[in-house]
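Colleague: Sequence and predicted structure are below.
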Amino acid sequence: MIKNSILHFWDKIRGIKYGPKIKKEIELNPFTTKQEIESIVSNLDHRIVLSFYDAFYKLKISEQPITRGDNGAFTNVRKDKNKLKIKRGNHGWHEKKWTPIPEVELVNIIYESREFNNGKMKMESRIARMFWVKKGKEKLLIAYYHSI
């Protein structure tokens, strides 16, 4: 498809390189220090999505946080134009917009929730571009990820 070729060429001009989808689990447990979390967050860039469970999100005072449960929110973090942004969801609801968040606040949220993440959080390569590709009579949506 001609449009795909043009978009691919445009990405090359902008310096975007495609690569395989990368998933990496990072240890997150009661022994994880705030400095380790700060290091991870400060090294995020536009090519990566960080995922963790915020056990205290909209938690009522009378409720206790639980590991990856009905309360709290599964949270994704990305960096756009040097600003950290988050998006949350859980059990059928999700935020539609990415919300800016200060780095200090994000580090504190991760630090407070570290015991409720089953010992890990994830980092994944972010989608750089999606293309529709025609294969016979079918059209397939193919995702290309940022090279990390």
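Modeller: Received, thanks.
Colleague: Please make it C-alpha for all contacts and neighbour counts, starting now.
Modeller: Noted.
Colleague: For the longest helix that the chain contains, the averaged confidence score.
Modeller: In the chain, ranked by residue count with DSSP state H as the criterion, the top helix is helix 2-14. Across helix 2-14, the average pLDDT comes to 80.
Colleague: ok, then the element right after it?
Modeller: Next along the chain after helix 2-14, taking DSSP states H and E as the criterion, comes strand 18-19.
Colleague: Provide the strand pairings for the following helix or strand past that next one, with the direction of each partner.
Modeller: Of the helices and strands lying after strand 18-19 in sequence (DSSP H and E), the nearest is strand 23-27. Strand 23-27 sits in its sheet next to strand 120-125 (antiparallel), going by DSSP bridges.
Colleague: Excluding its own residues, what touches the strand it pairs with? List them.
Modeller: Under the contact criterion C-alpha atoms under 8 Å, 6 or more residues apart in numbering, strand 120-125 has outside partners 21-29, 47-53, 145-148.
Colleague: Repeat the analysis, applying 7 Å as the threshold.
Modeller: 21-29, 47-52, 145-146, 148 (C-alpha atoms under 7 Å, 6 or more residues apart in numbering).
Colleague: next one: the longest helix of the chain to chain centre, how far?
Modeller: Here the centre of helix 2-14 is set off from its chain's centre by 25 Å, with C-alpha atoms, centre = their mean, to the nearest Å.
Colleague: coming back round to it: could you identify the buried members of the contacts of strand 120-125?
Modeller: Buried subset of the contacts of strand 120-125 (neighbour count, 16 or more other C-alpha atoms under 10 Å): 28-29, 47-52, 145-146.
Colleague: Restricted to helices, list those.
Modeller: Of the buried ones among the contacts of strand 120-125, none are assigned to helices by DSSP H.
Colleague: out of these, who's nearest residue 139?
Modeller: The nearest member of those to residue 139, counting by C-alpha to C-alpha, is residue 145 at 19.4 Å.
Colleague: And that closest one, how close does it get to residue 127?
Modeller: Separation of residue 145 from residue 127 (C-alpha to C-alpha, to the nearest Å) stands at 4 Å.
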